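Q: Build me a structure from this.
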Amino acid sequence: MADGWSPERSAAGKHNPWLIVAIISMATFMEVLDTSIANVALDHIAGGLAASQDEAVWVLTSYLVSNAIIIPISGWLSDVVGRKRYYMISVALFTGSSLLCGLAPNLGFLIFARILQGIGGGGLAPSEQSILADTFPPEQRGKAFAAYGFVVVCGPILGPTLGGWITDNISWHWIFLINVPVGILSLFLVQMFLAEPDALKEDRRRLLKKGLSVDWVGFLLVALGLGCIDIFLDRGERDDWFSSGFIVANALIGVLSLALLVWWELARKDPIVNLRLLANRNFGITNAFMFAAGMVIFGTTQLIPQFAQQVLGYTATNAGLALTTGGIATVVVMPLTGVLSGKLDTRVMLIPALGLQAGAFWYMTHWNADIAYGNIAMARFISAVGLPFLFIPINAAAYVGLPPDQSNQASALLNVSRNLGGSVCISLAQAGIIERGQVNQSYIVDRLNPLNPNYTQGLDQLQQQIGTVSSAGGENVGELFNQVKTQAQTLAYLDVFHVLMILVLVLMPLALLLRQGKGGGAHGA
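A: Take a look at the predicted model:
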């Protein structure tokens, strides 16, 4: 046993461990793709099911809430049910619910199917990451997580493009139905090639021999805490935040439940969520970085296409294509990251990676309403080059120094951090865009009056462009107001990008707290 790793816990059995990476990556790609692919089809879903835009948003919210609830307890479920069995149940549930989503006759049925889909999807990533951590020794984990991370990073990038193309050219039903053949193939391959190590079977026998004690209080607190927080973050902007009693109730229940969860789980000998793992310095810091990685991955995936559509007038397909350059960069850099992660100090990789993310946000703060397609692609390219150097070292370093029988629980907490980071970033960014848009519009309008020579000069130029004008200049004023709104919204996005840049820079010194161990890995205390 070296650095908390034992070959007896490998899920490869007699097969090549790299085959296991390829097999579990299929379900990974299917799940992470689905988290972003439905966003661009929301208008079509609302129209097809005769629902309002606000009602259709629950198609996204229901998935996120059920996913957020199941992820933190997925480690415990893997220990109790058996990791391979639980993983196959998750794949089967995700696949079956995807079929139900594609065949949904009304919005209520679709939301119910999306809840099931979120439960199935929530068990995939934690199980897969613990499989990789147990199958590969610490010096090879970087390469393994690089191959696995390729689909985790590229899925959200390709999602908007693929979702937009399918929605525009076929039907929104097929953004769910395409999961079915992939899920069936994944189940077959997992059954044939993925092993359940004897060490894990023995751990499960010892656990059940003591008598299965279900932490129902912990489960209830997890469900209420993360479920309500996710609803608060996802619906807050639409419901005007604390002006809504529904949002206030979710915020209070969520915060109180999470506070009680920490107290309850730390006091139990058999917690459903092992929060004690966060006391390990390396693991605690890597969770903070995984939170930041979630902000960068999901935040930029949401904001860049949104800017392209709302400010530049791109179609959903073209907005998604603007992210494709980042996917190409990831393909090129990911293998290099895997090789270097086993040789270089984790800190040497993390600090430049965060610097590239900050640089990408700095580049975006210089955008305007007339930028070209290449400007968007370049920003995503800079970010994508740094993402593998952020994602891979975090995953490789997180498990070092942890007890081998805690890999399931550790994977669950890492995925909670990543998803929570994405949710927080998207929610606060949307609120910031709206709030700063109103402030910027007010600031610009204050300077538009007949006493300002730039104002009268602008109206004269618009008159020449439009060619006709009423006696009161109404058409000119209307066109000028549209330009004001566009510029105000553009400045709002730049403000958000500036804040994200500062947050990334603030996190950089945390990398210095990681401890360096043998083989380039970071060791915990």
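Q: Grab the nearest non-local neighbour of residue 48.
A: residue 172 (6.2 Å; C-beta to C-beta, 6 or more residues apart in numbering). Where you see a C-beta, it was placed from the backbone N, CA and C, and this is true even at glycine.
Q: Next up, the contacts around the one you found.
A: By C-beta atoms under 8 Å, 6 or more residues apart in numbering, the contact set of residue 172 is 41, 44, 45, 48, 166.
Q: Those residues in helices, which ones?
A: 44, 45, 48, 166 (DSSP state H).
Q: For those residues, which PyMOL command selects only the ones that are buried?
A: A single PyMOL command selects the buried members of the ones in helices among the contacts of residue 172 (16 or more other C-beta atoms under 10 Å):
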select buried, resi 44+45+48+166
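Q: Can you add distance to residue 299 and give the ones in helices among the contacts of residue 172 back as CSV?
A: Formatted as CSV, those follow (distance: C-beta to C-beta, whole Å):
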residue, distance to residue 299
44, 24
45, 23
48, 29
166, 24
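Q: Name the helix or strand of the protein that has the lowest mean pLDDT.
A: strand 522-523 (a mean of 42; mean pLDDT, DSSP states H and E).
Q: Just the helices from the stretch 51-200 of the chain, written as ranges.
A: All helices of the stretch 51-200 of the chain, identified by DSSP state H, counting those that start in this stretch, fall at 53-56, 58-70, 74-81, 83-102, 107-122, 124-135, 138-169, 174-177, 179-193, 198-209.
Q: Correction: the previous question concerned the stretch 251-400 of the chain.
A: 281-310, 316-321, 324-341, 346-364, 373-398.
Q: and those, which one's lowest on average pLDDT?
A: Averaging pLDDT over each of these singles out helix 316-321 as the lowest, with a mean of 70.
Q: Tabulate the helices of the stretch 251-400 of the chain (a markdown table), appending mean neighbour count.
A: Formatted as a markdown table, these follow (neighbours: other C-beta atoms under 10 Å):
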| stretch | mean neighbour count |
| --- | --- |
| helix 281-310 | 23 |
| helix 316-321 | 22 |
| helix 324-341 | 20 |
| helix 346-364 | 22 |
| helix 373-398 | 25 |
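Q: of all those helices, which lies closest to residue 417?
A: Taking C-beta to C-beta, helix 281-310 is the member of those nearest to residue 417, at 4.2 Å.
Q: now the angle from that closest one to helix 324-341?
A: Helix 281-310 runs at 170 degrees relative to helix 324-341, counting by axes from the mean of the first three to the mean of the last three C-alpha atoms, to 10 degrees.
Q: what about the longest helix along the chain, distance to the chain center?
A: Counting residues, the longest helix in the chain under DSSP H turns out to be helix 407-445. The chain centre lies 11 Å from the centre of helix 407-445; the measure is C-alpha atoms, centre = their mean, to the nearest Å.
Q: In it, which residues are buried?
A: 407-430, 432-433, 436-437, 440-441.
Q: next one: stretch 246-253
A: Counting neighbours by 16+ other C-beta under 10 Å, stretch 246-253 gives 247, 250, 251, 253 as buried.
Q: Using TSV, lay out these together with pLDDT.
A: Below are these laid out as TSV (pLDDT from 0 to 100):
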residue	pLDDT
247	89
250	89
251	90
253	93
